[in-house]
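J.: Pasting the sequence and the predicted coordinates here, then a few questions.
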There are 2 protein chains.
Amino acid sequence: MTQAHALIFDVFGTLVDWHGSIRRELQATLVEGLGLPLDAASLATAWRAQYQPAMQEVRSGQRAFCDLDVLHRRNLDVVLNDAGVGTAVDEAARQHLVRAWHRLQAWPEVGEALALLRQRFLLAPCSNGHIALMVALARHNAWHWDAVLGAELARDYKPQPIVYTTACRALGLAPAQVMMVACHSSDLAAAAAAGLQCGFIARPEEGGPGVGETAPACPVQAQAADLRQLAQRLLAQA
Amino acid sequence: MTQAHALIFDVFGTLVDWHGSIRRELQATLVEGLGLPLDAASLATAWRAQYQPAMQEVRSGQRAFCDLDVLHRRNLDVVLNDAGVGTAVDEAARQHLVRAWHRLQAWPEVGEALALLRQRFLLAPCSNGHIALMVALARHNAWHWDAVLGAELARDYKPQPIVYTTACRALGLAPAQVMMVACHSSDLAAAAAAGLQCGFIARPEEGGPGVGETAPACPVQAQAADLRQLAQRLLAQA
């Protein structure tokens, strides 16, 4: 298999520390700001646990495509009710927390690694996050994408094959010329089924301490402990 | 009217010198390479003249959305036949010339002006060119877009309103928060009808010597002699 011309990236978990970022925002807004007796780490996990079921309604055709701001808001309302604080959190705080997903912090090595990779490859996110959210994260973390691909362009959510194939077609490349990079084996297995190459990076703390994959559960063309190491390996091959 | 948060750009003519670039490529490939007795400037104009009718088939619903590589190729075949050299130009030369649209040169001030504007505004192309073509032009001219918007995202061609409104929605902005920048009044009038702000820049040589607009034929919120001057004016307002 020849080397890919483009790398497309999962973002939540793979490039940004969603759990740590959301935990800090929940702590600041709900615990410190509103004085609510909540465990921010557990609430971050609970919020994210609503994510796949919400997207499944779109994938199944039960619900028209809508973006993650809409799904994050609906899911936040659910978990605040479940936590017994449904009446204690006002509209402004909820809107602020939905926007927290636009301010997620990158893992430390990501910015430098993307800049290195950009010397050799076309780079684009292929995330379930919508374009405006990806634009915000790129500004927040000083990334330079060639294009913003993913769910909004395909009008469906990963792991639906159309999300991967639409990204490849948008770059004018065959799937075999594109490598999907992710820390989730389920994402990579779906990309591989659509004909893409796969690169795995470990994020052992993705969902909080000890919650994250350390090795791929599917065949991959490259794997590494983080994005810097993946960049070194891919650049050494060419 | 408050200042826009984002600027979206027409590309062919507004940011790149399509006529000069295509003329040089036709001269190199057909006149110097194949020794054909053609006037490259006239042929560039003839090729571009096929552009609007080809897109109209998509706009009218007569033809499913297809990208500009497809339309440029079909149009090239037409103009080579019309020029009487239909049998003298081989497949490789035709493919090379279609790809010439991925190598168009920016007008001289564009790179520096975009870098300045990026300090204040989100920036994206809103072109009838597809994503892969925009990615190639950005690499070729060292531009940094926040996202690549336009025809491919909307699955239709400007001046259809959906192309402008889809671009705004992708940025998470209302049309009034976005300025369309172009050297074509027809593009700006359509953007204005969709609720966007408009910025005109003059490109008096867009289609060759003396062929280009020097002033807008519709109301605009900003106008300038080139993109550097537009950047200076917009940055001075804020």
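T.: On my side now, so go ahead. In this text the structure is predicted, and so the values were computed from the model without any measurement.
J.: what's the burial count for A:L230?
T.: A:L230 has 23 neighbours, counted by other C-beta atoms under 10 Å in any protein chain shown. The C-beta positions use only the backbone N, C-alpha and C, and glycine is treated the same way.
J.: next one: A:Y157
T.: Counted with other C-beta under 10 Å, A:Y157 comes out at 24.
J.: And A:P216, by the same measure?
T.: 20.
J.: Chain neighbours aside, what residue packs nearest to it?
T.: Computed as C-beta to C-beta, 6 or more residues apart in numbering or on different chains, the closest residue to A:P216 that is not its neighbour in sequence is A:F200, at 3.9 Å.
J.: residue contacts, the one you found?
T.: When contacts are counted by C-beta atoms under 8 Å, 6 or more residues apart in numbering or on different chains, A:F200 touches A:181-183, A:185, A:188, A:213, A:215-216, A:220, A:222-224.
J.: Reformat those as JSON lines; add secondary structure.
T.: As requested, the contacts of A:F200 are exported to JSON lines (DSSP: H, G, I helix; E, B strand; the rest coil):
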{"residue": "A:V181", "secondary structure": "strand"}
{"residue": "A:A182", "secondary structure": "strand"}
{"residue": "A:C183", "secondary structure": "coil"}
{"residue": "A:S185", "secondary structure": "helix"}
{"residue": "A:L188", "secondary structure": "helix"}
{"residue": "A:E213", "secondary structure": "coil"}
{"residue": "A:A215", "secondary structure": "coil"}
{"residue": "A:P216", "secondary structure": "coil"}
{"residue": "A:V220", "secondary structure": "coil"}
{"residue": "A:A222", "secondary structure": "strand"}
{"residue": "A:Q223", "secondary structure": "strand"}
{"residue": "A:A224", "secondary structure": "strand"}
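J.: Is it possible to get a markdown table of the residues you listed that adds pLDDT?
T.: Below are these laid out as a markdown table (pLDDT from 0 to 100):
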| residue | pLDDT |
| --- | --- |
| A:V181 | 98 |
| A:A182 | 98 |
| A:C183 | 98 |
| A:S185 | 98 |
| A:L188 | 98 |
| A:E213 | 98 |
| A:A215 | 97 |
| A:P216 | 98 |
| A:V220 | 98 |
| A:A222 | 98 |
| A:Q223 | 98 |
| A:A224 | 98 |
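J.: Filter these down to the buried ones.
T.: A:181-183, A:185, A:188, A:213, A:216, A:220, A:222-224 (16 or more other C-beta atoms under 10 Å in any protein chain shown).
J.: for the helix or strand of chain A with the lowest mean pLDDT, packing partners?
T.: Within chain A, no helix or strand scores below helix A:51-59, which has a mean of 94 by mean pLDDT, DSSP states H and E. On a contact count with 3 or more C-beta pairs under 8 Å, 6 or more residues apart in numbering or on different chains; DSSP states H and E, helix A:51-59 meets helix A:68-82.
J.: which residues are contacting the helix it packs on?
T.: Residues external to helix A:68-82 that are found in contact with it (C-beta under 8 Å, 6+ apart): A:43, A:46-47, A:50-51, A:54-55, A:86, A:89, A:94-95, A:97-98, A:101, A:128-130, A:132-133, B:172.
J.: if we go to 6 Å?
T.: Contact with helix A:68-82 is made by A:46-47, A:50, A:54, A:86, A:89, A:94, A:98, A:101, A:129-130, as judged by C-beta atoms under 6 Å, 6 or more residues apart in numbering or on different chains.
J.: again with stretch A:29-38
T.: Residues outside stretch A:29-38 that contact it (C-beta under 6 Å, 6+ apart): A:40, A:85, A:88, A:93, A:97.
J.: In it, which residues are buried?
T.: Buried residues in stretch A:29-38, counted by 16+ other C-beta under 10 Å: A:29-30, A:36, A:38.
J.: what's the residue positioned nearest the centre of chain A in contact with, if anything?
T.: Nearest to the mean C-alpha position of chain A, by C-alpha atoms, centre = their mean, lies A:F12 at 2.2 Å. Each residue near A:F12 by C-beta under 6 Å, 6+ apart is listed here: A:W18.
J.: May I have the beta-bridge partners of it?
T.: A:F12 has these beta-bridge partners by DSSP bridges: A:V16.
J.: so how far is A:G199 from it?
T.: Plainly put, A:F12 is 17 Å away from A:G199 if you go by C-beta to C-beta, to the nearest Å.
J.: Could you tell me how many residues sit around the residue lying closest to A:G195 once chain neighbours are set aside?
T.: Excluding its sequence neighbours, the residue lying closest to A:G195 (C-beta to C-beta, 6+ apart) is A:P175, at 3.3 Å. Residues near A:P175, counting by other C-beta under 10 Å, number 21.
J.: Check A:P204 too.
T.: When neighbours are counted by other C-beta under 10 Å, A:P204 comes out with 14.
J.: wait, what's in contact with it?
T.: For A:P204, the contact set (C-beta under 6 Å, 6+ apart) comprises A:212, A:214.
J.: That one falls within a strand, correct?
T.: No - counting by three-state DSSP, A:P204 falls outside a strand, being coil.
J.: Could you give the backbone dihedrals for it?
T.: phi -70, psi -10 (degrees, to the nearest 10).
J.: Return the per-residue confidence for it.
T.: pLDDT for A:P204: 98.
J.: now the one 3 residues further on
T.: At A:G207 the predicted local distance difference test score is 96.
J.: Which two of the contacts of stretch A:29-38 have the greatest separation?
T.: A:A40 and A:A88 (14.9 Å; C-beta to C-beta).
J.: For these two, work out which one has more neighbours and name it.
T.: Neighbours per residue, other C-beta under 10 Å: of A:A40 and A:A88, the larger number sits with A:A40, 19 against 14.
J.: Skip the chain neighbours and tell me the closest residue to A:A6.
T.: Per C-beta to C-beta, 6+ apart, closest to A:A6 is A:L122, 3.9 Å.
J.: Do I have it right that the one you found meets A:D146?
T.: Yes - using C-beta atoms under 6 Å, A:L122 is in contact with A:D146, at 4.7 Å.
J.: Report the set of residues contacting both of those two.
T.: Residues touching both A:L122 and A:D146 by C-beta under 6 Å, 6+ apart: none at all.
J.: Closest to chain B out of the buried ones among the contacts of A:F200?
T.: A:V181 (17.8 Å; C-beta to the nearest C-beta).
J.: Bridge partners for that closest one, pull those for me.
T.: A:F9, A:G199.
J.: give me every residue that touches it.
T.: A:V181 sits next to A:7, A:9, A:199 when contact means C-beta under 6 Å, 6+ apart.
J.: One more: A:R120?
T.: A:L235.
J.: Could you look up the SS state of it?
T.: Assigned with three-state DSSP, A:R120 falls in the coil class.
J.: And the pLDDT at it?
T.: You'll see A:R120 listed with a pLDDT of 97.
J.: ok, it to A:H5 distance?
T.: Separation of A:R120 from A:H5 (C-beta to C-beta): 9 Å.
J.: what do you get for A:A222?
T.: 15 Å.
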